[in-house]
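>>> Quick one: sequence plus predicted model below, questions after.
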Amino acid sequence: MDDMFFVAKIRATAEQLNIDVRFVRSEDTAIEACMTGQPALIIADLHSQKISAVELAKKLKRDERLKNIHLLGFFSHVQMALREEALAAGFDEVIPRSAFSKNLAQILQG
């Protein structure tokens with residue numbers, strides 16, 4: 001995740017809720033992390049410059065061992081084409097940044 005505001009917000013909220021979170025910086029690291037300790041949820045910034053969230057979703061959904069991990073992406077509400085692309089790639093939910101920020105605690109609690 002590139003946006004340090006969201007990294008800090010996610011980290012602080014997770015700490016308050018006593019929820020373990022891990023941040024990765026590449027698709028390969030994300031796949032490796034999923035293989036070693038399958039997460040209940042993957043949150044992706046669809047605007048990330050470091051990780052193609054769409055490609056990551058495609059890779060996860062093609063792998064029988066990882067395809068059931070819940071994928072949530074957040075995006076700028078004006079980029080509806082990106083939302084549709086993410087859903088087509090396999091994201092379970094794609095929500096605007098504002099809804100993500102507002103509902104972060106509920107999202108992390110599952």
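Nice, thanks for sending it over. Since we're looking at a predicted model, the values are computed, not measured. Numbering: from 1, shown residues only.

>>> So which residues of this structure form strands?
41-45, 70-75, 93-96 (DSSP state E).

>>> Now do the buried residues in the longest helix seen in the chain.
For the chain, the longest helix by residue count, based on DSSP state H, is helix 4-17. For helix 4-17, burial by neighbour count (16 or more other Cβ atoms under 10 Å) applies to Phe6, Ile10, Thr13, Ala14. Where C-beta positions appear, they are placed from N, C-alpha and C, glycine not excepted.

>>> Which residue ranges of the protein form helices?
According to DSSP H, the helices that the chain contains are 4-17, 27-36, 53-62, 80-89, 97-102, 104-109.

>>> residues making contact with the first one?
Counting by Cβ atoms under 8 Å, 6 or more residues apart in numbering, the neighbours of helix 4-17 from elsewhere in the structure are 1, 20-21, 23, 43, 45, 74, 97, 100-101, 104-105, 108-109.

>>> can you give me the angle that helix makes with strand 41-45?
Using axes from the mean of the first three to the mean of the last three Cα atoms, to 10 degrees, one finds that helix 4-17 and strand 41-45 are set 160 degrees apart in direction.

>>> what is the orientation angle of helix 4-17 with strand 70-75?
140 degrees.

>>> pLDDT on helix 4-17, on average?
What helix 4-17 shows for mean pLDDT is 88.

>>> Render the CA-only coordinates of it in PDB, please.
The C-alpha coordinates for helix 4-17 follow below in PDB (Å, rounded to 0.1, in the frame of the first residue of the first chain):
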ATOM      1  CA  MET A   4       1.000   6.400   4.100                       C
ATOM      2  CA  PHE A   5      -2.200   8.000   5.400                       C
ATOM      3  CA  PHE A   6      -4.100   4.700   4.900                       C
ATOM      4  CA  VAL A   7      -1.300   2.600   6.100                       C
ATOM      5  CA  ALA A   8      -1.200   4.600   9.400                       C
ATOM      6  CA  LYS A   9      -5.000   4.600   9.700                       C
ATOM      7  CA  ILE A  10      -5.200   0.800   9.100                       C
ATOM      8  CA  ARG A  11      -2.300   0.100  11.500                       C
ATOM      9  CA  ALA A  12      -3.700   2.300  14.300                       C
ATOM     10  CA  THR A  13      -7.300   0.900  13.900                       C
ATOM     11  CA  ALA A  14      -5.900  -2.700  13.900                       C
ATOM     12  CA  GLU A  15      -3.900  -2.000  17.000                       C
ATOM     13  CA  GLN A  16      -6.900  -0.600  18.900                       C
ATOM     14  CA  LEU A  17      -8.900  -3.700  17.900                       C
END
